[in-house]
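Enquirer: Next come a sequence and a model predicted from it.
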Amino acid sequence: MAIGIKAPRKTPRKAAGAPAAKPAPKPAPKPKPMAKRKPAAKKANKVAKDDVDVADVPTLAALKKDPAFRQFGRFKLTDHDTIFCRGDYVFVLPPPPDDIYRGPDPFDGNDDRVAPTGEYYWVARICDIFGKNAEEVYLDVQWCFTDVLQLKETGCANPPAVLRGRELVISTFHDVIAVQSVSDKAHVMEYNESLPQHDDIDTDQPFYRSTLVRYTDMTAEQKASIGDPKGKARRPYIFPLNEPSCSCGQPYEPLPLGESSSMVYCRQKCQRWYHSACCSSKSATARLLLDVQRSAPDLPDHAFKSKGPLPPTHIVLAAQSALARGTEAAGIAGNGKRVLDARRLVAHYNAGTMSAFELGQEAARWGEQWYDDEEEEEEEEEEEGSEQRDEVYVCPGCGWAV
């Protein structure tokens, strides 16, 4: 498979002569880390669809020492329009069926990941690119684990009970793979659970919120936190990107949506997420709904006290909604952007800081941004207009209505 290489990171070295062509390498090895890496170069598997000869894949140390290999910032396959860069996530071709790890397919729509389905693509992050010529290009990749069985095979000390939907676990396990193993880009999103205004994460969007760290890659603080500062167990451990924020200490489990792990955010004082089940509730009086509506960022109190034109009802109801996540309506990452945008707009209506024309434009912009089409917006308005919020949550930390 011929490729074009672009944007070298270093000044190219002059080779003594044209390098000899090698057979196309096999795809990446199965992302199962070894306890100790052998110094000798290892064999790669055959490309699944091309039936090529076996070729040696050099180690990372060998690539760095070999003056014939240069480091590049990006590359492009000649039969592919996509440019691949360092830091990109990619789908990696699996080995042939005889050697493949037969686990569930993380991208077949099977959320519980129980039934094995045979071949599937792996996911990895490109850390570095080494090229010798158009045929000999290798990638230093960082593996993402898509299945609990894979995590257990690493000796992980705290594997999760299940990975639902498209959730991945990024790791500090690296491998060198041939560029011919790359199939396409994988658009993987990092999920920062502490943010109230996070980009939407669709149920078919691959995302990660934790890292599997080898013991040799752990910091002193990480080793102390798992109770093994002297390395007696020396097992890899999964660390979340964000510690659980709820007072109960339990993590957020976003999938399946609409079940008991849904959470609400206290915007007023605590600035943190709480499980809905850990919050008490009160009847939604006009005063409490106003308190909820006032929980908007960077808005002074007078913005809610002065009198201006009445904002559209559906925008007011959106502003009075709880900042939530884990429900069918809010999604995995939550409705924070939509709700806080509505609260800002209502504040402008109340304070009279915009002209009637500007308010009309902003209201139209809000509807276009948060609804797919006019019909959906009308249906939402009718639904919200007939089903006003009956209860508000009470923050267990500060007692404010959320």
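Expert: Here it is on my side, so go on. Numbers count the residues shown, from 1 in each chain.
Enquirer: how near is residue 396 to residue 244?
Expert: Per CB to CB, to the nearest Å, residue 396 is found 14 Å from residue 244. Heads up, the C-betas are built off the backbone N, CA and C, glycines and all.
Enquirer: Oh, that last question was meant for residue 131, not what I typed.
Expert: Counting by CB to CB, the gap from residue 131 to residue 244 is 44 Å.
Enquirer: If you count surrounding residues, which of these two has more?
Expert: residue 131 (22 against 15; other CB atoms under 10 Å).
Enquirer: What is the burial count for the spatially closest residue to that one that is not a sequence neighbour?
Expert: The shortest distance from residue 131 to any non-neighbouring residue, by CB to CB, 6 or more residues apart in numbering, is to residue 137 (4.4 Å). Counted with other CB under 10 Å, residues neighbouring residue 137 total 22.
Enquirer: Give me the phi and psi for residue 137.
Expert: phi -130, psi 130 (degrees, to the nearest 10).
Enquirer: doesn't residue 126 make contact with it?
Expert: No. Between residue 137 and residue 126 there is no contact under CB atoms under 8 Å: 11.4 Å.
Enquirer: follow-up on the earlier one: measure the residue nearest to residue 131 to residue 253 for me?
Expert: Distance of residue 137 to residue 253, computed by CB to CB: 40 Å.
Enquirer: Flag the helix or strand of the protein with the lowest per-element mean pLDDT.
Expert: Taking mean pLDDT, DSSP states H and E as the measure, the chain has strand 42-43 as its least confident helix or strand, at a mean of 34.
Enquirer: So which elements touch the next helix-or-strand element following that one?
Expert: Next along the chain after strand 42-43, taking DSSP states H and E as the criterion, comes strand 56-57. Contacts defined by 3 or more CB pairs under 8 Å, 6 or more residues apart in numbering; DSSP states H and E place strand 56-57 against strand 42-43, strand 167-178.
Enquirer: Need the winner for burial among those.
Expert: Highest mean neighbour count of these: strand 167-178, a mean of 22 (counted as mean count of other CB atoms under 10 Å).
Enquirer: Can you name the element that comes right after that strand?
Expert: strand 182-185.
Enquirer: Distance from that following strand to the middle of the chain?
Expert: 18 Å (CA atoms, centre = their mean, to the nearest Å).
Enquirer: what comes into contact with that strand?
Expert: 77, 80, 82, 84, 88-93, 121, 139 (CB atoms under 8 Å, 6 or more residues apart in numbering).
Enquirer: If you count neighbours, what's buried in that strand?
Expert: Residues 182-183, 185 are the ones in strand 182-185 that count as buried (16 or more other CB atoms under 10 Å).
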